[in-house]
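In: give me coordinates for this.
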Amino acid sequence: MSILLYKVALLLYAAVTLLSLVAVVRNRKDDRSRSRLFLLIAFGVHTITLIVRYFEAGYTPVTNLHESLSFFAWALAGVFMLIDLQMRMQVMAAVTSTIVTVFMLFGSLMPMHTQDLNPALDSFWLPIHVGLAFLGNAVFTVAFVAAILYLIQERMLKSKKFSALHYRLPSLETLDRVNYRCLKFGFPLMTMGIISGAVWAESAWGTYWSWDPKESWALITWFLYAALLHGRLTVGWRGRRAAIFAIIGFFFLLFTFLGVNLLLPGLHSYSSMAG
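Out: From the prediction side, this is the model:
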C-alpha cells in the first residue's frame with residue numbers, strides 16, 4: 001500500500017512542479033494558488049505514505065536509500081511550505097518542488113520493499129537523530145535555492161540584461177534574508193542532530209565518536225556552516241559571499257547524505273542511508 005501511495009505522491013509532486021513553472025511564466029494569481037493547493041495535497045498524501053510505511057515496517061521508515069530519499073523530500077516540502085506562508089516566492093516554489101520531485105523520482109528507482117531492521121538501528125534515538133538531521137538538511141536546501149536565485153538576480157542586475165525572469169525573482173535583499181533565516185534555524189537542527197547521533201553511538205557502539213566517514217563529513221559540513229554563521233554575525237557577511245557559502249555547504253551536505261554512504265564504507269553503510 002505504501003508503495004502505491006508513494007507513486008501517487010510522486011505524480012502529485014511532478015504536477016506541482018509543472019504548475020509552479022506555469023505560474024512563473026504566466027504570473028497569474030490563480031496559477032500560483034493552484035500550485036500551492038497541489039503542493040499541500042501532495043504533502044498530505046506523502047505524509048499518509050510515511051505513516052502507512054511505518055505501520056507496515058514496524059519502525060520509522062528512514063533505514064534504506066528509498067526511505068531516506070522519501071523522508072528528505074517530505075521534510076523539504078514541509079519546510080518550504082512553512083517558509084512560503086510568509087514569503088510567497090513563486091520562483092522558489094518552482095525550484096524547490098523540482099528538487100523534491102527529483103528526490104522522489106530517485107527514490108522510486110531504489111528497492112522499495114520493507115526489510116528487517118538492523119539491530120543497531122533498533123533504538124528510540126532513530127527518529128530523533130534522523131528527524132533532526134533531515135529537518136536541518138531540508139532547511140539548508142531551501143537556503144541553497146535562495147542562494148542560487150540570488151546569484152542569478154545579481155548577475156542580471158550587474159549586466160543590466162533583464163530577462164522576464166528578473167521580474168519574477170524576489171529582490172536581492174529578500175533572498176539574502178531567506179538565506180540568513182534558514183541558517184539560523186538549520187544550524188541548531190544540524191547541531192542537535194550531530195549531538196543526538198553521538199549519544200546514540202555511545203549507547204550502540206560504546207563510544208560517542210569513532211571518526212566514521214559519515215561522522216567526519218558531518219563534522220566538516222557543520223564547521224562550514226558554523227563559519228558562515230560566524231561570518232554573518234561578527235564580520236557582517238551577506239549577499240554574494242553568503243550565497244556562495246550556502247551553495248558550497250549544500251554540496252558538502254549532499255555528499256554527507258549520499259556520497260559517503262555510497263562511496264565510503266563505514267558504520268553507517270549497512271544498507272541504510274539514514275543517520
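In: just checking, residue 197 touches residue 133?
Out: Yes - using Cβ atoms under 8 Å, residue 197 is in contact with residue 133, at 7.3 Å. No exception for glycine: its C-beta is placed from N, CA and C like everyone else's.
In: neighbour count winner among those two?
Out: residue 133 (27 against 23; other Cβ atoms under 10 Å).
In: what pLDDT, on average, does the helix or strand hosting the more buried one get?
Out: Taking DSSP states H and E as the definition, one finds residue 133 inside helix 125-159. Here helix 125-159 scores 93 as its mean pLDDT.
In: list the buried residues in that helix.
Out: For helix 125-159, burial by neighbour count (16 or more other Cβ atoms under 10 Å) applies to 125-126, 128-154.
In: ok, residue 226 - contacts?
Out: residue 187 (Cβ atoms under 8 Å, 6 or more residues apart in numbering).
In: distance of it from residue 220?
Out: According to Cβ to Cβ, to the nearest Å, residue 226 stands 11 Å off from residue 220.
In: again with residue 263
Out: For residue 263, the distance to residue 220 - Cβ to Cβ - is 15 Å.
In: now do residue 59
Out: Applying Cβ to Cβ to residue 59 and residue 220 gives a distance of 29 Å.
In: just residue 75 next, same as before
Out: For residue 75, the distance to residue 220 equals 22 Å [Cβ to Cβ].
In: ditto for residue 4
Out: In terms of Cβ to Cβ, residue 4 sits 39 Å off from residue 220.
In: low-scoring stretches of the stretch 151-275 of the chain, by residue?
Out: 162, 164, 166, 204, 264-275 (pLDDT under 70).
In: coming back round to it: between residue 59 and residue 220, which one's more packed in?
Out: Between residue 59 and residue 220, counted using other Cβ under 10 Å, residue 59 has the larger neighbour count: 19 against 12.
In: so who does the more buried one touch?
Out: 117, 121, 122, 126.
In: among those residues, who's most crowded?
Out: Result: residue 126 is most packed of the contacts of residue 59 (other Cβ under 10 Å), 21 neighbours.
In: isn't that residue up against residue 57?
Out: No - between residue 126 and residue 57 there is no contact, the gap being 11.7 Å when judged by Cβ under 8 Å.
In: all helices of the stretch 51-200 of the chain, in order?
Out: With DSSP state H, counting those that start in this stretch as the criterion, the stretch 51-200 of the chain has helices at 65-87, 90-108, 125-159, 172-205.
In: how about a markdown table for those helices, with distance to residue 257 added?
Out: What follows is the helices of the stretch 51-200 of the chain, written out as a markdown table (distance: least, Cβ to Cβ, whole Å):
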| stretch | distance to residue 257 |
| --- | --- |
| helix 65-87 | 7 |
| helix 90-108 | 10 |
| helix 125-159 | 6 |
| helix 172-205 | 12 |
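In: from residue 6, how far out is residue 152?
Out: Applying Cβ to Cβ, the value for residue 152 to residue 6 is 32 Å.
In: if we can go back for a sec, could the contacts of residue 59 go into JSON lines alongside distance to residue 253?
Out: Shown next, in JSON lines, are the contacts of residue 59 (distance: Cβ to Cβ, whole Å):
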{"residue": "117", "distance to residue 253": "26"}
{"residue": "121", "distance to residue 253": "22"}
{"residue": "122", "distance to residue 253": "27"}
{"residue": "126", "distance to residue 253": "20"}
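In: what's the domain layout of the protein?
Out: Recorded structural domains for the chain (assignment: automatic domain parsing) are 1-115, 118-275.
In: for the most far-flung residue of the chain relative to its centre, grab phi and psi.
Out: Computed with Cα atoms, centre = their mean, the residue of the chain farthest from its C-alpha average is residue 160, at 32.8 Å. Phi and psi for residue 160, reported as degrees, to the nearest 10, are phi 60, psi 30.
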